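K.L.:
Next one to model:
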Amino acid sequence: MYKKMETSNLYINPSLNSKQQIRFIKLLRTSPKMLFSMNLFAYFVVPSFIPILVTITYLKWLSSSSRTHKNLPPSPWKLPIIRNLHLVGKNYHRSLRKLARKHGPLMLMHLGSVPVVVVSTAHAAQEILKTNELVFLDRGESDIIRKITYGGKDIALSNYGEYWRQLRSIVVLHLLSNKSVQSFQQVREEEMTLMIEKIQETCGSNSVVNFTKLILSFSNDVMCRVALGRKYNGKKFNTMVEQFKQLVVAFSVGQYIPSLSWVDELRGLHARSQKIAKEFDEFLEGVIEERLCIDTKESVDHQDRSFIDILLEKQKEDESGFQFSRDTIKAVILDIFVAATDTTFTALEWAFSELLRNPLVMKTLQKEVNLLAQGKPKINEGDIGKLEYLDAVLKETMRLHAPAPIIPRASSQDVQIMGYEIETGTRIVINVWAIGRDPAIWEEPEEFRPERFLNTSSYDYKGSHFEFIPFGAGRRGCPGTQFANTLIKLALANVVYKFDLALPGGENMDMSESTALTVHRLNHLLLVATPRSKLN
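P.N.:
Here you go, the predicted model:
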């Protein structure tokens, strides 16, 4: 719009003709005061008006938007582009609780372009999971999740709909029913016995036992036999499983800031997800072919049937029209195996950690187990239901250390919750970890006190009481609760029955956390085990 004249340091409108331009320059040369005034105006007056203009524009926008303003939940201050992403720390369940203490039980955050409502109290959770459950049954899928779950064919992370309803019905009725859970009792007891033998091998030399590795191996072996038909515990398999779990919770820039999705490409996130999806698919395809081959040669004994065998039978028998493809079978097996292994491992690791921190609780639990066992070599699965204090110990562990600290949901339509407007597509994060430590509900919430769960029927694992929802609630509650609890209690009861446990060298218990698919210990749990046979 303006061009620079060679004879001066002035910018003059080129729309003026040459005579007008020359006259204007002469005027400035003969009038230094005018030139000074123009410079003064350009350098000082104009910039001073910019904040005023910005303020006027903002107030005008505010007044116009107030007519259509929605009563949204309170929200923290936002930065440009990333909005509230910088407020979510590595241990997100803790940083979200800290923010909720300032902004309230229903807090709206903007993670880049994605609106997320954080739920931090039992009452608010009930509004989401029960009162308005049908609105919040979606998970809110991401591209990465879809890639590693066969395009959203799994049950844990896919959105709600007819496909999900039919698939969940198959899982609940045929894989995780009471009858099915009981049919795997022999597997659980055999693997528990092997774990006890591994601990016993270390007792003579007073060696330190890496309980983290021991428990992870136990959980992995049980779920391999149950879900896949036999054990898989090679280095390649374990690495593949670990990479899958890391990918599920990997931070995707493009998911929150679509314009920066190229960053995920540079980081290799999409290439990594395709690689892991391909590796798992090849592995599961091999497992299915192996099971089909066994079934062809000889009928699989009922005791040796795995989840894959049951699903393959169901695929043959199904006449409902449900698209029960091989990809569906692989997606379900992947879900159950990874989730169950991690949940069992995490719960046992924290339970042993809390028992070591609280020796009186350990003694009380050992006393209960001793009275029931009456000198028997082990605690059988049929005895577990009689151990009330054991149940209280597990519930207290789940209250303080819920394996999955948050429950993700997404709204499928506009809805009002606690007087606030929640818009369609808003992601929901229910902070189960914060609810379990809410001082408004729990007396001395940071203390490990199993007694709070004795002589009360107020809390179960079904999600009926929203103060205690370690396995979720409602239609999307975890269908494998009974299986997980049975396995955890069996292992916990037998280890404390057979051994006294102590930290090596009188060390203090480190309870630092590491957040991945579940919240587990940052450092491995190293213990010294001493046989209790003389005490018994």
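K.L.:
contacts for stretch 155-173?
P.N.:
Stretch 155-173 has contacts (CB atoms under 8 Å, 6 or more residues apart in numbering) with 137-141, 145, 149, 152-153, 248, 311, 314, 320, 322-324, 328, 331-332, 335-336, 339, 410, 412, 475-476, 479. (Each C-beta comes from the backbone N, C-alpha and C, glycine too.)
K.L.:
Only the buried residues of that stretch, if you could.
P.N.:
Ile155, Ala156, Leu157, Ser158, Tyr160, Tyr163, Trp164, Gln166, Leu167, Arg168, Ile170, Val171 (16 or more other CB atoms under 10 Å).
K.L.:
Same check on stretch 218-233?
P.N.:
Buried residues in stretch 218-233, counted by 16+ other CB under 10 Å: 218-229, 232.
K.L.:
now swap in stretch 440-449 and tell me
P.N.:
Ile441, Trp442, Pro445, Phe448, Arg449.
K.L.:
One more: stretch 265-272?
P.N.:
Leu269, His270, Arg272.
K.L.:
which residue packs closest to the last one, ignoring adjacent ones?
P.N.:
Among residues not flanking Arg272 along the chain, Leu247 sits closest, at 6.6 Å (CB to CB, 6 or more residues apart in numbering).
K.L.:
okay, now the domains of the chain?
P.N.:
3-68, 86-531 (automatic domain parsing).
K.L.:
where along the stretch 101-250 of the chain do the strands fall?
P.N.:
For the stretch 101-250 of the chain, applying DSSP state E, counting those that start in this stretch gives strands covering 106-111, 114-119, 208-210.
K.L.:
hang on, the earlier thing: go through the domains of the chain and pick out the most buried.
P.N.:
Stretch with highest mean neighbour count among these: domain 86-531 (a mean of 18; mean count of other CB atoms under 10 Å).
K.L.:
Can you measure across that one, start residue to end residue?
P.N.:
Domain 86-531 has an end-to-end distance of 50 Å (CA to CA, to the nearest Å).
K.L.:
Quick one: distance of that domain to the chain centre.
P.N.:
9 Å (CA atoms, centre = their mean, to the nearest Å).
K.L.:
one step back: pick out the shakiest of the domains of the chain, pLDDT-wise.
P.N.:
Among the domains of the chain, domain 3-68 carries the lowest mean pLDDT, a mean of 48.
K.L.:
could you pull out the helices for the stretch 301-450 of the chain?
P.N.:
Along the stretch 301-450 of the chain, counting by DSSP state H, counting those that start in this stretch, helices occupy 307-317, 326-357, 359-373, 388-400, 432-436.
K.L.:
Would you mind pulling up the elements that the third one packs against?
P.N.:
Same thing as helix 359-373. When contacts are defined as 3 or more CB pairs under 8 Å, 6 or more residues apart in numbering; DSSP states H and E, helix 359-373 packs onto helix 326-357, helix 388-400, helix 481-498.
K.L.:
Would you mind getting the angle between that helix and helix 388-400?
P.N.:
Inter-element angle recorded for helix 359-373 and helix 388-400: 140 degrees (by axes from the mean of the first three to the mean of the last three CA atoms, to 10 degrees).
K.L.:
tell me the two of the buried residues of stretch 440-449 that are most distant?
P.N.:
Taking CB to CB as the measure, the buried residues of stretch 440-449 span a maximum distance of 15.9 Å, between Ile441 and Phe448.
K.L.:
so who does Leu214 touch?
P.N.:
Shown in contact with Leu214 (CB under 8 Å, 6+ apart): Met195, Lys198, Ile199.
K.L.:
Distance of it relative to His110?
P.N.:
According to CB to CB, to the nearest Å, Leu214 stands 43 Å off from His110.
K.L.:
Okay, and Ile81 sits in which element?
P.N.:
Under the criterion DSSP states H and E, no helix or strand holds Ile81.
K.L.:
so it makes contact with Val253?
P.N.:
No: contact criterion CB atoms under 8 Å: Ile81 and Val253 do not qualify, at 10.9 Å.
K.L.:
residue boundaries of the helices in the stretch 101-250 of the chain?
P.N.:
Using DSSP H, counting those that start in this stretch, helices in the stretch 101-250 of the chain cover 122-126, 143-148, 162-170, 178-183, 185-203, 211-223, 235-248.
K.L.:
Turn these into JSON lines, including distance to Ala529.
P.N.:
Formatted as JSON lines, the helices of the stretch 101-250 of the chain follow (distance: least, CB to CB, whole Å):
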{"stretch": "helix 122-126", "distance to Ala529": "39"}
{"stretch": "helix 143-148", "distance to Ala529": "38"}
{"stretch": "helix 162-170", "distance to Ala529": "41"}
{"stretch": "helix 178-183", "distance to Ala529": "29"}
{"stretch": "helix 185-203", "distance to Ala529": "5"}
{"stretch": "helix 211-223", "distance to Ala529": "9"}
{"stretch": "helix 235-248", "distance to Ala529": "24"}
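K.L.:
To Asn494, which of those lies closest?
P.N.:
helix 185-203 (5.7 Å).
K.L.:
Determine the angle, from 0 to 180 degrees, between the closest one and helix 481-498.
P.N.:
Using the same axes, to 10 degrees: helix 185-203 against helix 481-498 is 30 degrees.
K.L.:
From the contact counts, what lies against helix 185-203?
P.N.:
Against helix 185-203 (3+ CB pairs under 8 Å, 6+ apart) you get strand 208-210, helix 211-223, helix 481-498, strand 526-531.
K.L.:
closest to Gln182 out of these?
P.N.:
Closest among the helices and strands packed on helix 185-203, using CB to CB: helix 481-498, at 8.9 Å.
K.L.:
check contacts around Pro531.
P.N.:
Gln200, Cys203, Lys498, Phe499, Asp500.
K.L.:
And stretch 94-112, end to end?
P.N.:
The first and last residues of stretch 94-112 sit 20 Å apart, counting by CA to CA.
K.L.:
begin at 50 from here
P.N.:
All set: I'll call the first residue 50, so the last point we hit is now stretch 143-161.
K.L.:
Figure out the helix or strand that Leu566 lives in.
P.N.:
Per DSSP H and E, there is no helix or strand for Leu566.
K.L.:
correct me, but it touches Lys294?
P.N.:
Yes: between Leu566 and Lys294 there is a contact under CB under 8 Å: 4.4 Å.
K.L.:
Residues in contact with both of those two, list them for me.
P.N.:
With CB under 8 Å, 6+ apart as the test, Leu566 and Lys294 both reach Val387, Asp391.
K.L.:
hey, C-alpha coordinates of stretch 191-210 in CSV?
P.N.:
Output of stretch 191-210 as CSV, limited to C-alpha atoms (Å, rounded to 0.1, in the frame of the first residue of the first chain):
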residue,chain,number,x,y,z
SER,A,191,-8.8,-42.4,19.2
ASP,A,192,-7.1,-43.3,15.9
ILE,A,193,-4.3,-45.1,17.8
ILE,A,194,-6.7,-47.2,19.8
ARG,A,195,-8.7,-48.2,16.7
LYS,A,196,-5.5,-49.3,15.0
ILE,A,197,-4.6,-51.7,17.8
THR,A,198,-8.1,-53.0,18.4
TYR,A,199,-9.0,-54.1,14.9
GLY,A,200,-10.9,-51.0,14.1
GLY,A,201,-12.7,-50.8,17.4
LYS,A,202,-13.9,-54.4,17.5
ASP,A,203,-12.9,-54.9,21.2
ILE,A,204,-15.2,-54.6,24.2
ALA,A,205,-13.2,-52.4,26.6
LEU,A,206,-12.4,-49.3,24.5
SER,A,207,-15.0,-49.4,21.7
ASN,A,208,-18.0,-47.1,21.6
TYR,A,209,-21.5,-48.1,22.7
GLY,A,210,-23.9,-49.6,20.2
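K.L.:
and the helix or strand encompassing Phe329 with helix 284-297, angle?
P.N.:
Assigned by DSSP H and E, Phe329 belongs to helix 318-346. Per the same axes, to 10 degrees, the angle that helix 318-346 makes with helix 284-297 is 130 degrees.
K.L.:
elements contacting helix 318-346?
P.N.:
helix 192-197, helix 284-297, helix 356-366, helix 375-406.
K.L.:
at 6 Å instead, please
P.N.:
Helix 318-346 sits against helix 192-197, helix 284-297, with contacts defined as 3 or more CB pairs under 6 Å, 6 or more residues apart in numbering; DSSP states H and E.
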